[in-house]
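Trainee: Here is my input; please provide its structure:
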Amino acid sequence: MTSSPTPPPVPSGAPGDRGPLRRLRARGRDEAHRTASPLELFFDLCFVVAVAQAGIELVHSVAEGHAGQGILDYAMVFFALWWAWMNFTWFASAYDNDDVLYRVVTLVQIAGVLVLAAGVSRAFEEHDYLVVWLGYAIMRVAMSAQWLRAARSAEGPERTTALRYAGGVLACQVGWLGLLFLPEGARPWWFLVMALLEMCVPPFAERGHSTSWHPRHIAERYGLFTIIVLGETIAAATVAVKSGIDENDALGELLPIAAGGLLIIFAAWWIYFVVPIHGHLRSNRQAFLWGYGHYLVLASAAAIGAGLEVAVEETVGKAHISTLAASAAVTLPTALYLLTVWALHSRHFKRGITQQLVLPMTALLVIFCTFLGHWAVFAAGVVCALSVVAGETLAATHPR
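Mentor: I've put the predicted structure just below:
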């Protein structure tokens, strides 16, 4: 990051003002040198604690042969985490003034995600969502308070947008009470209804006035969270391999899984960051599609780590599933990750049918690797690594 001899003027309410309390006013979309703040990085780190808990429970469910129910529970819990993180990220991009009250309310949201994390195991094992709902409520009420504070400092259409956000967030939070009182069989359907309602709040709120989110800042925030999730995936897989070696002396059997998993994660990082996506985020429509699509990107990235743990447990005889099912626990989320990153990122920067087909064909080949027995994960890693080589070779031959 370079310094400018004549920095641009900072809007009122931005971090350039002094004082413990400042008006929460919109920041400029063209603000120079906009980067993630230490508070945002801390926010991400605490959220990944809950993501890790969801991953651990997914491993247990799949390893015990309850993959369908485990995936459903994982999808529901991960939505709560992702949606709360995403809402804060876009709000902060537009309104972060970094004063005392803003920091305190953000820390309250962090406390909420830690409460949610504490309830993840009960949600998976007993289908009791009380603690998860309570943690989510803490985050969402705090988020609504931020919007009300922004409305107090705004006028006209901007004020209307902020009030719509605050009201929509609170109304949806009341709706989530259905997960506590409805019969267990109806809860997945109620979750689907509420998730759709939650995702309708931003388009409704910003109808007539768009918040001043910063494209480069948003792209950086999503990228940083993706890095942290991939890092957690590596950590989880490493612990699983270490445990397998220590408890079962199975280095020879686990080495292909470790090598293949590492190649998959390295390729996942490379493919995500090979293109500068911020230039594509020019309108709310593009940004909403891109932002919402990251539910699949982040959920699949975290699920890769869970799948690697399942593969390790199956190899050392601790999982009650077949080798095919354990391999699919890695290859299917990997293929989903590749396809969603292609749809959200890569296809906008590819030239010609050959470049466009690299990632979809890679995803298809990764799925075929599922049927290679104990070599499935290693083969999938090699395929992902070769896709990076192919992509870079084609890009060098036909520059963007």
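Trainee: where does the protein have low pLDDT?
Mentor: 1-19, 278-280, 398-400 (pLDDT under 70).
Trainee: any idea where the helices of it begin and end?
Mentor: 38-63, 67-95, 100-118, 120-126, 130-153, 156-175, 178-181, 187-205, 215-248, 251-273, 284-315, 323-344, 352-369, 376-397 (DSSP state H).
Trainee: quick one, which of these is nearest to Leu21?
Mentor: Leu21 lies closest to helix 100-118 among the helices of the chain, at 5.8 Å (C-beta to C-beta). Heads up, the C-betas are built off the backbone N, CA and C, glycines and all.
Trainee: and the closest one, how far from the chain's centre?
Mentor: 18 Å (C-alpha atoms, centre = their mean, to the nearest Å).
Trainee: Who are the packing partners of it?
Mentor: Applying 3 or more C-beta pairs under 8 Å, 6 or more residues apart in numbering; DSSP states H and E, one finds that helix 100-118 makes contact with helix 38-63, helix 67-95, helix 130-153.
Trainee: Any idea which residue is closest to the centre of the chain?
Mentor: For the chain, Leu298 is the residue whose C-alpha lies nearest the centre (C-alpha atoms, centre = their mean; 3.5 Å).
Trainee: Show residues contacting stretch 49-63.
Mentor: 67, 69-71, 73-74, 77-78, 81, 113-114, 116-117, 120-121, 123-125, 229, 232-233, 236, 298, 302-303, 305-307, 309-310, 313-314, 318-321, 325, 329 (C-beta atoms under 8 Å, 6 or more residues apart in numbering).
Trainee: Please convert the buried members of these into ChimeraX selection syntax.
Mentor: In ChimeraX syntax, the buried subset of those is picked out as below (16 or more other C-beta atoms under 10 Å):
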select :67,70,71,73,74,77,78,81,113,116,117,120,121,123,124,229,232,233,236,298,302,303,305,306,307,309,310,313,314,319,321,325,329
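Trainee: Adding distance to Ala32, write the helices of the chain out as CSV.
Mentor: Output for the helices of the chain, formatted as CSV (distance: least, C-beta to C-beta, whole Å):
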stretch, distance to Ala32
helix 38-63, 18
helix 67-95, 15
helix 100-118, 21
helix 120-126, 40
helix 130-153, 23
helix 156-175, 22
helix 178-181, 44
helix 187-205, 26
helix 215-248, 10
helix 251-273, 22
helix 284-315, 20
helix 323-344, 26
helix 352-369, 33
helix 376-397, 29
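Trainee: nearest to Arg25, of those helices?
Mentor: helix 130-153 (5.0 Å).
Trainee: Leu101 and Arg149 touch, don't they?
Mentor: Yes: the criterion here is C-beta atoms under 8 Å, and Leu101 meets it with Arg149 at 7.4 Å.
Trainee: These two: who's more crowded?
Mentor: The residue with more neighbours, out of Leu101 and Arg149, is Arg149; 19 against 15, by other C-beta atoms under 10 Å.
Trainee: so what's the more buried one closest to, chain neighbours aside?
Mentor: Nearest non-adjacent residue to Arg149, counting by C-beta to C-beta, 6 or more residues apart in numbering: Leu24, 4.7 Å away.
Trainee: contacting residues around Met139?
Mentor: For Met139, the contact set (C-beta under 8 Å, 6+ apart) comprises Ala84, Phe88, Gln109, Gly112, Val113, Leu116.
Trainee: quick one: which of these is nearest Tyr292?
Mentor: Ala84 (14.2 Å).
Trainee: Quick check: the closest one vs Thr106, distance?
Mentor: Relative to Thr106, Ala84 is positioned 12 Å away (C-beta to C-beta, to the nearest Å).
Trainee: next one: Leu262
Mentor: Counting by C-beta to C-beta, the gap from Leu262 to Thr106 is 34 Å.
Trainee: Which one's more surrounded, the two?
Mentor: Neighbours were counted for Leu262 and for Thr106 using other C-beta under 10 Å; Thr106 has more, 23 against 17.
Trainee: who touches the nearest residue to the more buried one once chain neighbours are set aside in this structure?
Mentor: Excluding its sequence neighbours, the residue lying closest to Thr106 (C-beta to C-beta, 6+ apart) is Leu39, at 5.9 Å. If a contact means C-beta under 8 Å, 6+ apart, then Leu39 has Asp98, Arg103, Thr106 as its contacts.
Trainee: Could I get the contacting residues of the second one?
Mentor: This points to Arg103. Leu39.
Trainee: switch the cut-off to 10 Å
Mentor: Contacts for Arg103 (C-beta atoms under 10 Å, 6 or more residues apart in numbering) come out as Pro20, Ser37, Leu39, Asp96, Asn97.
Trainee: okay, now the first one: neighbour count?
Mentor: To tie it back to what came earlier, the one meant is Pro20. Neighbours of Pro20 (other C-beta under 10 Å): 8.
Trainee: Quick check: it vs Asp99, distance?
Mentor: For Pro20, the distance to Asp99 - C-beta to C-beta - is 6 Å.
Trainee: Ile228 too?
Mentor: Distance from Ile228 to Asp99, by C-beta to C-beta: 26 Å.
Trainee: ditto for Arg216
Mentor: 23 Å.
Trainee: What of Val297?
Mentor: From Val297 to Asp99 the distance is 32 Å (C-beta to C-beta).
Trainee: more neighbours, the two?
Mentor: Val297 (25 against 18).
Trainee: give me every residue that touches the closest residue to that one other than its chain neighbours.
Mentor: Spatial nearest neighbour of Val297, excluding adjacent residues (C-beta to C-beta, 6+ apart): Thr340 at 5.0 Å. Contacts of Thr340 were listed using C-beta under 10 Å, 6+ apart, and they are Gly293, His294, Tyr295, Leu296, Val297, Leu298, Ala299, Ser300, Ala301, Leu359, Ala363.
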